[in-house]
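J.: heads up, no residue letters with this:
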């Protein structure tokens, strides 16, 4: 009998361990990631940046929580628990990953635009069409259009923005058939389906979530290949790497320089998430300078969260907490970045 109970007890312990290690929870753990040298990703005029020192993009690591890792996270500094709903909203994992890929590509395009314009090098923006971010369950195009496809024409008409596309569809009626030309895995396809009523409205639509899809063409060739890194937060550092290569590499002067922040086509640096964890990653990689978005704290921010602190403030506190000598530099624009490095 004792052996029988010992066997049951052993199986129970094994089951608990399996649950503890492998049962997925509806939470994600965000921890310090890595500081990646940008010369691995960027080539300008067919050449990689081989000068002394390095520019680095910084990442956070994201993993789905299990019971044991969830408990472990409560004991670890710079580890944040994020609910799946807060991270992804209503999007599926596939849609979320696709969105992160789009945001990364968009940030690269904006970085190229800002770097080339500031360097006085020729560039042109080419509008490709409407990028499909998701397809609604009631869409008649659901079996045809896929996440990541690019719609290039509606009824033979081309457009220069997503808003033009939306305005054209608005003028049609629910149930009316339209012919969509789209790019799927580098193949041009067409399909004709009826429009549906968009949820919560009386307006007709294809039943897709869409954004503009464009690319930048340059006289001096530039290539940015980032693998499976997603999101828009490396925009500022991509801009710096590309610009410095275009202008002869005079800014870095052998230093290890990291940072984060989105970049729009006007050269403005935008706030991002997880900056404290990115400071930790940069410090561990030996960076001596870290560029942090100095986003303004508005009344609306304080009303929504009385304890809100902007990226620069959080980054400074993180560096102090780990006793790092890394210099946290506040920036609002790409000009701030260049002017600081020129000093």
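T.: Perfect, thanks for sending it. Small disclaimer: the values here were computed from a predicted structure and weren't measured.

J.: how about stretch 250-265: buried residues?
T.: Residues 251, 252, 256, 257, 258, 259, 260, 261, 262, 263, 264 are the ones in stretch 250-265 that count as buried (16 or more other C-beta atoms under 10 Å). From N, CA and C alone the C-beta is placed, and that goes for glycine too.

J.: the fourth one reaches residue 285, doesn't it?
T.: No: contact criterion C-beta atoms under 8 Å: residue 257 and residue 285 do not qualify, at 10.7 Å.

J.: ok, back up a step: need the max-distance pair from the buried residues of stretch 250-265.
T.: Distance extremes for these: the farthest pair is 256 and 264 at 26.4 Å, using C-beta to C-beta.

J.: let me see the mean pLDDT of stretch 26-39.
T.: Summarised as a single mean, pLDDT over stretch 26-39 is 95.

J.: cool, stretch 78-86 as well?
T.: 90.

J.: can you list contacts of it?
T.: 26-32, 65, 70, 73, 274, 276-277, 280, 318 (C-beta atoms under 8 Å, 6 or more residues apart in numbering).

J.: restricted to strands, list those.
T.: 27, 28, 29, 30, 31, 32 (DSSP state E).

J.: in TSV: these, plus distance to residue 310 and neighbour count.
T.: Shown next, in TSV, are these (distance: C-beta to C-beta, whole Å; neighbours: other C-beta atoms under 10 Å):
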residue	distance to residue 310	neighbour count
27	26	18
28	24	17
29	24	21
30	19	19
31	22	18
32	20	25
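
J.: list just the nearest of those residues to residue 102.
T.: Nearest to residue 102 among the ones in strands among the contacts of stretch 78-86 is residue 28, at 19.9 Å by C-beta to C-beta.

J.: isn't that closest one up against residue 87?
T.: Yes: using C-beta under 8 Å, residue 28 makes contact with residue 87 at a distance of 5.5 Å.

J.: so what sits against both of those two?
T.: residue 62.

J.: strands along the stretch 51-200 of the chain, start to end?
T.: 54-64, 80-83, 123-135, 150-154, 177-184, 187-194, 196-197 (DSSP state E, counting those that start in this stretch).

J.: out of these, which is the most enclosed?
T.: With neighbours taken as mean count of other C-beta atoms under 10 Å, those reach their highest mean count in strand 54-64, at a mean of 21.

J.: from the chain's centroid, how far away is that strand?
T.: Relative to its parent chain, strand 54-64 has a centroid offset of 11 Å by C-alpha atoms, centre = their mean, to the nearest Å.

J.: three-state assignment of residue 211?
T.: Secondary structure state of residue 211, per DSSP: H, G, I helix; E, B strand; the rest coil, is strand.

J.: just grab the bridge partners of it for me.
T.: Under the criterion DSSP bridges, residue 211 forms beta bridges with residue 131.

J.: which residues touch it?
T.: Contacts of residue 211 by C-beta under 8 Å, 6+ apart are 102, 130, 131, 133, 162.

J.: max-length helix in the chain?
T.: helix 93-119 (DSSP state H).

J.: who are the packing partners of that one?
T.: Judged by 3 or more C-beta pairs under 8 Å, 6 or more residues apart in numbering; DSSP states H and E, helix 93-119 is in contact with helix 84-88, strand 123-135, strand 208-218, strand 222-224, helix 235-246, strand 262-263, helix 334-342.

J.: any idea which helix or strand comes after the fifth one?
T.: For helix 235-246, the succeeding helix or strand toward the C-terminus, using DSSP states H and E, is strand 256-259.

J.: pairing partners for that next one, with directions?
T.: Strand 256-259 is paired, per DSSP bridges, with strand 54-64 (parallel), strand 289-293 (parallel).
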